[in-house]
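>>> Build the 3D model from these lines:
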Amino acid sequence: MPFVATFDLFQLHINRIEAAGENAIRGAQLAVGIMHERANAPFATAGATTPRRRGSSAVSQSQRAYLNKFFQRETETPTTDQKRVLAQKLGLSLFAVSVWFRNKRYEITHRRYVVSHPRQNEIINVTD
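The predicted model follows:
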């Protein structure tokens, strides 16, 4: 009798493993199907030859102008409290304000780098 009980437990364990494997396969098939749908999804406008960029960010032109003034006059790295005040004043989320400052700092750093490092592959014409 103990052998039968052990066999039943073993079979139950095998059934659970098989079910988990089937669920994993179904999940993988679902993921592949979603990726396939996204890859073959049409662009926002019918007949577009190039993908269109999404609309502008959550920051409007007037909000951007205010953030630029703050960036130039106050600090490039505001504290969390300063960001909260800006977010509340401009009607944005704290995350949107934080991302705007992060992107602005990157833009400035990138511009400095591009100016100080000319292209490596650029052909230079030298006339004697």
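>>> Leu92: neighbouring residues, count only.
Using other Cβ atoms under 10 Å, Leu92 has 20 other residues around it. (Each C-beta comes from the backbone N, C-alpha and C, glycine too.)
>>> change the start of the numbering to 405 and stick with it
Right, with 405 as the first residue, what we last looked at is Leu496.
>>> That one contacts Ala462, correct?
Yes: between Leu496 and Ala462 there is a contact under Cβ atoms under 8 Å: 6.6 Å.
>>> Look at Arg523 and tell me its secondary structure.
Put simply, Arg523 is coil when judged by DSSP: H, G, I helix; E, B strand; the rest coil.
>>> And for Val463?
Quick answer, by three-state DSSP: Val463 is coil.
>>> Pull the contacting residues for it.
Leu471, Leu496, Ala500, Trp504 (Cβ atoms under 8 Å, 6 or more residues apart in numbering).
>>> what's the distance between it and Tyr470?
For Val463, the distance to Tyr470 equals 10 Å [Cβ to Cβ, to the nearest Å].
>>> How is the chain divided into domains?
As given by automatic domain parsing, the domain ranges for the chain are 405-444, 465-520.
>>> weakest of the ones you listed in terms of mean pLDDT?
When the domains of the chain are compared on average pLDDT, domain 405-444 comes out lowest at a mean of 61.
>>> What residues does Phe475 make contact with?
Phe475 touches Phe505, Lys508, counting by Cβ under 8 Å, 6+ apart.
>>> List phi and psi for it.
Note on Phe475: backbone dihedrals following degrees, to the nearest 10 are phi -60, psi -40.
>>> for this protein, what spans make up the helices?
406-443, 465-477, 484-494, 498-520 (DSSP state H).
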